[in-house]
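Visitor: sequence below, structure please.
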Amino acid sequence: MTGPDPGPGRESRPAPALSPRYDLPEPDAFTRPYWDAAAEGHLLLRHCRACDRVHHYPREFCPHCWSGPAECGWVRASGRATLYTWSVVHRNDLPPFGTRVPYVAAVVDLAEGPRMMTEVVECEESALTIGMELRVMFRQEEGGEAVAVFGP
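Guide: Got it, this is the predicted structure:
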């Protein structure tokens, strides 16, 4: 993309490139209900009526029994989880993560069963313990979707 035509005899300069963002999800028609619920402060999971199990991340089919979209629907999660594991990230060169370091990348066990990759916020590193109880929160940055994070 270039800037406006500078006129005869002058070179046009390229428009400044926007830095790519690696933290913003790209919703599609299928995941739109998930992101809309997140914007309202609710975590949704997929529930399979055929095997009565929930799963996360959102998929149109059930990863447990392979039932298709007709058997799978959205259900609201309780928002409760326990900390399974974590790592404190001190360096990340992808924008905008470098401005957030250090941060706690984590895997949590949702009360409903699935495991979820996330970030633990509002908790000192020294207070983190495997099995600690957490609650879902949502971080929303300008121009992006609300993203589930967890805190004590």
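Visitor: end to end, how far does stretch 72-91 reach?
Guide: 39 Å (CA to CA, to the nearest Å).
Visitor: next one: it to chain centre, how far?
Guide: Counting by CA atoms, centre = their mean, to the nearest Å, stretch 72-91 is centred 10 Å from the centre of its parent chain.
Visitor: got it, and stretch 128-148?
Guide: For stretch 128-148, the distance to the chain centre is 8 Å (CA atoms, centre = their mean).
Visitor: where do the strands sit along the protein?
Guide: 44-48, 53-55, 72-76, 80-89, 103-110, 115-120, 133-139, 147-151 (DSSP state E).
Visitor: turn these into CSV, including mean pLDDT.
Guide: Listed next are the strands of the chain as CSV, based on pLDDT from 0 to 100:
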stretch, mean pLDDT
strand 44-48, 98
strand 53-55, 97
strand 72-76, 98
strand 80-89, 97
strand 103-110, 97
strand 115-120, 97
strand 133-139, 97
strand 147-151, 97
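Visitor: which one of those strands lies nearest to Glu26?
Guide: strand 147-151 (12.3 Å; CB to CB). Where C-beta positions appear, they are placed from N, C-alpha and C, glycine not excepted.
Visitor: in the closest one, what's buried?
Guide: Residues of strand 147-151 classed as buried by neighbour count (16 or more other CB atoms under 10 Å): 147-150.
Visitor: out of the strands of the chain, nearest to Phe61?
Guide: That would be strand 72-76 among the strands of the chain, by CB to CB, at 6.8 Å.
Visitor: report the buried residues of that closest one.
Guide: Under 16+ other CB under 10 Å, the buried positions of strand 72-76 are Cys72.
Visitor: what does stretch 57-72 give?
Guide: 62, 67, 72.
Visitor: returning to that earlier point: closest to Asp52 out of the buried residues of strand 147-151?
Guide: Nearest member of the buried residues of strand 147-151 to Asp52, counting by CB to CB, is Ala148, at 23.4 Å.
Visitor: from Gly73, how far out is the closest one?
Guide: To Gly73, Ala148 is 19 Å away according to CB to CB, to the nearest Å.
Visitor: possible to save the buried residues of strand 147-151 as TSV with distance to Pro27?
Guide: Formatted as TSV, these follow (distance: CB to CB, whole Å):
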residue	distance to Pro27
Val147	11
Ala148	14
Val149	18
Phe150	21
